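Student: Provide a 3D model corresponding to the input given below.
(4 chains)
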Amino acid sequence: MSVLVTERSRVIVQGVGREGRFHAAQMRKYGTKVVAGVKPGAGGTSIDDLPIYDTVHDAVEATDANASIIFVPAAAAADAILEALDQELELVVAITEWIPVHDMLRVASVLARTSTTLVGPNCPGVISPGKGKVGILPIDSFSSGSVGFVSRSGTLTYEIADLLSREGFGQSTCIGIGGDPIIGLPMPKAVQLLNEDPDTRALVIVGEIGGTDEEDTAAYLRAFGTKPAVAFIAGLSAPPGKRMGHAGAIVTGGQGTAASKVEAFRTAGIPVATRPSEIPQLLREQLS
Amino acid sequence: MSVLVTERSRVIVQGVGREGRFHAAQMRKYGTKVVAGVKPGAGGTSIDDLPIYDTVHDAVEATDANASIIFVPAAAAADAILEALDQELELVVAITEWIPVHDMLRVASVLARTSTTLVGPNCPGVISPGKGKVGILPIDSFSSGSVGFVSRSGTLTYEIADLLSREGFGQSTCIGIGGDPIIGLPMPKAVQLLNEDPDTRALVIVGEIGGTDEEDTAAYLRAFGTKPAVAFIAGLSAPPGKRMGHAGAIVTGGQGTAASKVEAFRTAGIPVATRPSEIPQLLREQLS
Amino acid sequence: MKLHEFQAKQLLHDAGIPIPKGGVAYSPEEAAAVATSLGGTVVVKAQVHVGGRGKAGGIKAARNAHEAREHAASLLGRELKGLRVEKVLVEQAANIARELYLGVTLDRARRRPVVMLSTVGGIDIEEVAVSSPEKIARGWPDPLLGLQPFEARGLAFGAGVPVEQREAVVDVLRRLYGIFTAKDCTLAEINPLFVVADGTVLAGDAKIDVDDNALYRQPVLAAMKEVSAIDLNEEKAREIGFSYVRLDGNVGIIGNGAGLVMATLDAVKLAGGDAANFLDVGGGAKEEVVKAALEIVLSDDRVRSVLINIFGGITRGDEVAKGILDVLAEMKPAVPLVVRLSGTRATEGRALLEGKPLTSRATMDEAAAEAVRLAKAAPAIAARRSA
Amino acid sequence: MKLHEFQAKQLLHDAGIPIPKGGVAYSPEEAAAVATSLGGTVVVKAQVHVGGRGKAGGIKAARNAHEAREHAASLLGRELKGLRVEKVLVEQAANIARELYLGVTLDRARRRPVVMLSTVGGIDIEEVAVSSPEKIARGWPDPLLGLQPFEARGLAFGAGVPVEQREAVVDVLRRLYGIFTAKDCTLAEINPLFVVADGTVLAGDAKIDVDDNALYRQPVLAAMKEVSAIDLNEEKAREIGFSYVRLDGNVGIIGNGAGLVMATLDAVKLAGGDAANFLDVGGGAKEEVVKAALEIVLSDDRVRSVLINIFGGITRGDEVAKGILDVLAEMKPAVPLVVRLSGTRATEGRALLEGKPLTSRATMDEAAAEAVRLAKAAPAIAARRSA
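Tutor: Have a look, this model is predicted:
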């Protein structure tokens, strides 16, 4: 088993521009069932052998899809997410960056009334190595195994997955939750999914400055954690008040410091790597 | 047993002006536990021996209330309902008339996310004879028994309850659902409560022109009805396009006619009285 | 409260929905002036609150200012389905390629707004709704979110709006929904929405009904209210605080509670008569309220008898009786009164009425029968007055 | 994007929140003119984006126009916590009875707006939040509903707002929430809200931050943006489409992905150095993007070495290498470059860089250590240039 993405995932692509088409092809190459694209006005045509529908409703009705990945530009992205939520898909992954935060507040309020899992926005998506991916993660970094991996970062995820894979730590599922202040699947919930997944034997958690999700995750694991875990926090050297690339990566009002997050994980008995390269060794120690 | 209002109802009064105070006293006289009033700024005082709180939150925290009755004027009534919903009370009865319909659309959307039953607005409330009342219904018309009574009207309810009581048909619970187009507990749901109540042996349903709630109720009873039932529809002689006192009592676009409602009940095998005075006899026939 | 077409179109315009150029005229001369300023063919449209205005001859095309003047002259002052035409809207005629229907109203059963879109525009949409409901695309947006772009798009696809107009129609639909919520409407409708020969869209006609309960927070709309002579009693009743609706019969009705009054109208009908009005004095009516109600009902010349049906709950029978006695003393009404008092303090009330010039009955059915009998027996008030 | 106090107050005023009378001055003469027109005691306030402006001497009371001119003269042109004062706000002084705190911001963990109200106004609210959190009443309205009157009332009771000001404070709080949502704010704060001697309220100071991602739909606010000299590189980077943040060190950083760049800064720190900047070229960066990034980093005089850390996922190592080679060919940079390429087509990229005037390293840790060593060894650019 794995979480969120499995062999039975049937994915539609919302936004089939250059990026959407490229990644649709990549996902298919990895064996993921990409069943339709959505482009208003292009219904009935096909792009790269992918049947296109005018609406998510039509696409789901025709293909029995249960997941969606969104590449729609920022100004229309919240509408695309709401359209996906309206069809009660199991998983929606929003890749789009720069979505206004008030749009996401509204989306979050709607999301709370649905049973859909929204991953992102501003995220690389989800991969269950060997089973499928709904995202833009480069498959070469990943290998199948039993480490559950949750990360707020994109490229850093690939870097660390690469380190893990090289050292023989394959992954059950990797969830790139996204770097925005308001995201669909916050870190504590993502970690909970993997903590409760029987096929996941250990956890790797990569956080960064901003917000208190890492502290909440540490508190959750302190109470309910059942598996060896290792954490890493990016941004130890980031000065307060500066936004570090991600909209959510900022220390404000003394909140969201890397030091506080490191402290929280250590208090929960979870070792925190000083550098990414230390993670495999710490994991090995935890598992032994 | 009875529905909505029982011996364990603990009621707060939102809006303790002249009308609120009068009916608080009436409810208490009937043995209902009226435990607090809410009046912003008057917290800590008491009115007619009723302790007053600034907010519903404070009142509920202090008194463990599980129901509320609202007399707040129309312009502030939706806010009062939302305040009550926010405290997750079991029952909220809104007496207030003339609430803007868009306010009620918003309330209905919030209501759908709660477990609260909202009765009204523009309604006389609920009485479970002998057990308690949360409403403004005059107790003399009612007597305890096993007839479940749902009505869109106020005074007509009293008139018919009086007829029933005189003929020995006491009531389990009478629900005045209210005459507005958008109400918290539509007729089909109110009837369902009584249909599923083991202590209710027969149903009396009083509808009127406007909307399709009576048709939906008839359809529900046709499929799930388990008890003898009699209906009455007011407004057979009302011309289309004219609003008959209640905001919801209007025939528009050929929809909401009394004839259609009478037809729906008869199709469901439920006799429809031509005049209120026929109801007891029809009920007697149904029960024999 | 219904808005006139020209008022509704002003709201559309303010919300950024394209409308034809035009102006309101109160006289043939003004109509000619508007037509001249517009140039070319115009349409002269009677501004009255009736449906089927076109079929009734209330809309006329004019090729020039001269014709516009003539059409305005023939419409102004005339009665259209019983309502007097006091003004016309003179509009530039459009080169219409096709017509769509757009509407937002309440879905009571779903407790949501319902948004409707159809490519069968221009005709009676209620007929389409019955005969070919599949031709109307419907959506039920969450009022807390409003009509989202994806919902509006879905309706446009569902209704089969041509691809060239899709974005324009989606835009108009979302703006119309915006008016529906911002202006506390119970109905906001564009029928037809013209697709003009050049492919752009234009609101051909518009119907907007505003929630009376919300007029207190819509001062601009409240100011658009017009009181016609026929509604004077309704207006007076509303100011006092009770509901009055003029009907076609001759039995005046007063009761407490909307449902009870409706049932009373029905009882009159069953007894072979027709009510002259609906009048609900509301709950807890006191002496002076009953008096005011009687005055309104008695001011109606058509009334031949009055039926007062009170079931006392919060309302007290003795208070009602006192109000009736006041009117008897002051006005000495020329038509017979039938009173049915029941419920709280009804016995005391009935005692007060004993021996007075009115008929008392114990039940609604009996009272209705008596009021109808008296109305049929009574000569017309006008006749008696002239006597 | 942060607004200046005078801009934020304009938004409050437009939303119906009372603010003191005043005007912006760019010179001592203008300040004196504003003070004269206001009359009486005024306050001269430096308009710069720094916290603790008052403690740093940026706010001064003046009893007359003469003093206002003097205070403006002493403030204008001066640096306040590293930022140059280019304008002052001259405001009528208020007769303050007490001060409240009102704020709306994001609660990330709850994914809701959080509304805060406290009777401990005027001081650093973040300190209060830590030392006596019970003194701040908090509410989390549903963004689909907005801040309801009952919620605002509940906060006023919770914070212990005096009964005389309750309605006014509830009103200001709801209007402030309205600004927060209508203007796409990430922070909207009134601190302090003055309660004036006569019992009315007045926004003493205001802080508004606007979501950069939403500026495209807030043209009025976008036009308020000021680019200070220090931000020129940040602005240039934003236009190209990547994130650049100026930092205090001397090792220039280029990487792909915010998390990876943050980790690279940390690696530099762990190696005993300090980054001069944060620069994320984003995903899938091509040759020309890498070139533009290098140009920005090299334009910073403080930079003594540059560390390029690319983990190729969608980004291809050979494309990155070509961008680096272009810069090497065109600019002949005076500072040493350290490159770490990994992931997709990294082998090809490394092969392209072979034998070029730069240092290649296999891991992030090694690359960081080398960049720090080189920065420490290198003479200042200025020195080299003058040589």
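
Student: pLDDT below threshold where in chain A?
Tutor: A:1 (pLDDT under 70).

Student: any idea how it splits into domains?
Tutor: Domain assignment for chain A, taken from automatic domain parsing, gives A:1-122, A:138-288.

Student: how about the shortest one and chain B, touching?
Tutor: Yes - against chain B, domain A:1-122 shows contacts by Cβ under 8 Å from any Cβ of the partner chain at A:R113. Yep, even glycine has a C-beta here, placed from its N, CA and C like the rest.

Student: near chain B at all, stretch C:210-218?
Tutor: Yes - residues of stretch C:210-218 contacting chain B under Cβ under 8 Å from any Cβ: C:211, C:213-214, C:216-217.

Student: list buried residues within those residues.
Tutor: C:211, C:213-214 (16 or more other Cβ atoms under 10 Å in any protein chain shown).

Student: want to throw the residues you listed into JSON lines with distance to A:L91, secondary structure and pLDDT?
Tutor: As requested, these are exported to JSON lines (distance: Cβ to Cβ, whole Å; DSSP: H, G, I helix; E, B strand; the rest coil; pLDDT from 0 to 100):
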{"residue": "C:D211", "distance to A:L91": "41", "secondary structure": "coil", "pLDDT": "95"}
{"residue": "C:N213", "distance to A:L91": "44", "secondary structure": "helix", "pLDDT": "94"}
{"residue": "C:A214", "distance to A:L91": "42", "secondary structure": "helix", "pLDDT": "97"}
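
Student: between those residues, which is nearest chain B?
Tutor: C:A214 (3.7 Å; Cβ to the nearest Cβ).

Student: so the closest one touches B:M104, yeah?
Tutor: No - under the criterion of Cβ atoms under 8 Å, C:A214 is not in contact with B:M104, lying 10.7 Å apart.

Student: the residue in chain C that chain A sits nearest to: neighbour count?
Tutor: Nearest residue of chain C to chain A, counting by Cβ to the nearest Cβ: C:F150, 3.7 Å away. C:F150: 24 surrounding residues under other Cβ atoms under 10 Å in any protein chain shown.

Student: tell me which helix or strand it sits in.
Tutor: helix C:149-159 (DSSP states H and E).

Student: and the helix or strand following that helix, which residues are buried?
Tutor: Downstream of helix C:149-159, the first helix or strand assigned by DSSP H and E is helix C:166-182. The neighbour-count check on helix C:166-182 (16+ other Cβ under 10 Å) flags C:166, C:168-181 as buried.

Student: ok, stretch C:73-90 next?
Tutor: C:73, C:75-76, C:80, C:83, C:85, C:87-90.

Student: so how far is it from its chain's centroid?
Tutor: Offset of stretch C:73-90 from its chain centre (Cα atoms, centre = their mean, to the nearest Å): 18 Å.

Student: now the end-to-end length of that stretch.
Tutor: 13 Å (Cα to Cα, to the nearest Å).

Student: average pLDDT across that stretch?
Tutor: The average pLDDT within stretch C:73-90 is 89.

Student: quick check, that stretch touching chain B?
Tutor: No - using Cβ under 8 Å from any Cβ, stretch C:73-90 stays clear of chain B, with a minimum separation of 11.8 Å.

Student: touching that stretch from outside, list them.
Tutor: The contact list for stretch C:73-90 (Cβ atoms under 8 Å, 6 or more residues apart in numbering or on different chains) reads C:4-6, C:9, C:22-28, C:31, C:34-35, C:38, C:42-50, C:52-53, C:56-58, C:60, C:68, C:71-72, C:228.

Student: restricted to helices, list the residues you listed.
Tutor: Assignment to helices by DSSP state H places the following of those there: C:5-6, C:9, C:28, C:31, C:34-35, C:38, C:68, C:71-72.

Student: can you put those residues in a markdown table and add distance to A:H57 and neighbour count?
Tutor: Shown next, in a markdown table, are those (distance: Cβ to Cβ, whole Å; neighbours: other Cβ atoms under 10 Å in any protein chain shown):
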| residue | distance to A:H57 | neighbour count |
| --- | --- | --- |
| C:E5 | 35 | 25 |
| C:F6 | 38 | 20 |
| C:K9 | 33 | 23 |
| C:P28 | 53 | 19 |
| C:A31 | 49 | 30 |
| C:V34 | 46 | 24 |
| C:A35 | 47 | 30 |
| C:L38 | 44 | 19 |
| C:A68 | 48 | 29 |
| C:H71 | 48 | 25 |
| C:A72 | 49 | 27 |
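
Student: for those, which one is nearest chain D?
Tutor: Chain D lies nearest to C:K9 out of the ones in helices among the contacts of stretch C:73-90, by Cβ to the nearest Cβ, at 27.5 Å.

Student: re the thing from before, tell me which two of the ones in helices among the contacts of stretch C:73-90 sit farthest apart.
Tutor: C:K9 and C:P28 (21.7 Å; Cβ to Cβ).

Student: returning to that earlier point: same list, the buried ones among the residues of stretch C:210-218 next to chain B, but as a markdown table with distance to chain A please.
Tutor: Output for these, formatted as a markdown table (distance: Cβ to the nearest Cβ, whole Å):
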| residue | distance to chain A |
| --- | --- |
| C:D211 | 26 |
| C:N213 | 27 |
| C:A214 | 25 |
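
Student: A:A94 against A:V119, yeah?
Tutor: Yes - counting by Cβ under 8 Å, A:A94 does reach A:V119; the two are 7.2 Å apart.

Student: show me the contacts for the nearest residue to A:K242 once chain neighbours are set aside.
Tutor: Of all residues not flanking A:K242 in the chain, D:V245 sits nearest, at 5.0 Å (Cβ to Cβ, 6 or more residues apart in numbering or on different chains). By Cβ under 8 Å, 6+ apart, the residues touching D:V245 are A:242-245, D:234, D:277-279.

Student: helices - which of those residues land there?
Tutor: D:E234.

Student: which of the contacts of D:V245 are buried?
Tutor: Buried members of the contacts of D:V245, scored by 16+ other Cβ under 10 Å, are A:242-245, D:234, D:277-279.

Student: nearest to C:A263 among those residues?
Tutor: A:R243 (68.2 Å).

Student: list the contacts of the closest one.
Tutor: Taking Cβ under 8 Å, 6+ apart as the test, what A:R243 contacts is A:249-250, D:243, D:245.

Student: what count of nearby residues applies to A:E214?
Tutor: 29.

Student: part of a helix, is it?
Tutor: Yes - when DSSP: H, G, I helix; E, B strand; the rest coil is applied, A:E214 is found to be in a helix.

Student: picking up where we left off before, which residues does the residue nearest to the residue of chain C closest to chain A when sequence neighbours are not counted contact?
Tutor: Closest residue to C:F150 apart from its sequence neighbours, by Cβ to Cβ, 6+ apart: A:E83 at 3.7 Å. By Cβ under 8 Å, 6+ apart, the contact set of A:E83 is A:14, A:55-57, C:148, C:150.

Student: all set, thanks.
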